[in-house]
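Enquirer: Just the structure for this:
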Amino acid sequence: ETDLASLGLDVFRDGARQIASAWFVDELPRLQRLAAEGRVRMVEVVQRAGELVYIPAGWYHAVLNLGPLTVAVSQNFVAPAA
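Expert: The predicted structure follows:
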C-alpha cells in the first residue's frame with residue numbers, strides 16, 4: 001500500500017479534500033513531479049470513444065472528462081469477510 005503521508009498526499013485519505021476540479025490544478029502537477037523523480041508510479045490515459053479502462057482494486061485514480069458528453073459505468077465489488 002502506498003504511504004500517502006511520506007509523499008505529502010495524506011490529505012486525500014478518506015476523501016477529505018477540496019473540490020474535484022481543483023485537484024487537477026493543485027495536486028496533479030505534484031504527482032507528475034513525484035513520478036518524474038521515480039517516487040511514485042503513475043499512468044495517464046486518454047480514453048477514446050468505444051474504449052474501456054480497467055482500474056485494479058486499490059488503485060487511486062482521477063478522471064477528467066474532456067468532451068461535452070460523457071458516460072461512465074462503474075462496478076464496485078466488496079467480497080464478504082472470510
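
Enquirer: Could you export the helix or strand harbouring Leu34 as PDB, CA atoms only?
Expert: Secondary structure from DSSP states H and E places Leu34 in helix 28-36. The C-alpha trace of helix 28-36 is given here as PDB (Å, rounded to 0.1, in the frame of the first residue of the first chain):
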ATOM      1  CA  LEU A  28      -1.800  16.700 -10.400                       C
ATOM      2  CA  PRO A  29       1.400  18.700 -11.100                       C
ATOM      3  CA  ARG A  30       2.900  17.500  -7.800                       C
ATOM      4  CA  LEU A  31       2.100  13.800  -8.600                       C
ATOM      5  CA  GLN A  32       3.600  14.300 -12.100                       C
ATOM      6  CA  ARG A  33       6.800  15.700 -10.400                       C
ATOM      7  CA  LEU A  34       6.900  12.700  -8.000                       C
ATOM      8  CA  ALA A  35       6.500  10.300 -10.900                       C
ATOM      9  CA  ALA A  36       9.300  12.000 -12.800                       C
END
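
Enquirer: Summarise which helices and strands it is packed against.
Expert: The helices and strands touching helix 28-36, judged by 3 or more CB pairs under 8 Å, 6 or more residues apart in numbering; DSSP states H and E, number zero. Bear in mind the C-beta positions are built from the backbone N, C-alpha and C, glycine included.

Enquirer: Report the mean confidence score over it.
Expert: The average pLDDT within helix 28-36 is 91.

Enquirer: per-residue confidence at Asp10?
Expert: 62.

Enquirer: Please identify the buried residues of the helix holding Leu34?
Expert: Residues of helix 28-36 classed as buried by neighbour count (16 or more other CB atoms under 10 Å): 31, 34.

Enquirer: Off-centre distance for that helix?
Expert: 12 Å (CA atoms, centre = their mean, to the nearest Å).

Enquirer: Likewise for stretch 31-42?
Expert: 13 Å.

Enquirer: How about stretch 66-82?
Expert: 13 Å.

Enquirer: what's the answer for stretch 38-53, then?
Expert: So, by CA atoms, centre = their mean, the centroid of stretch 38-53 is 10 Å from its chain's centroid.
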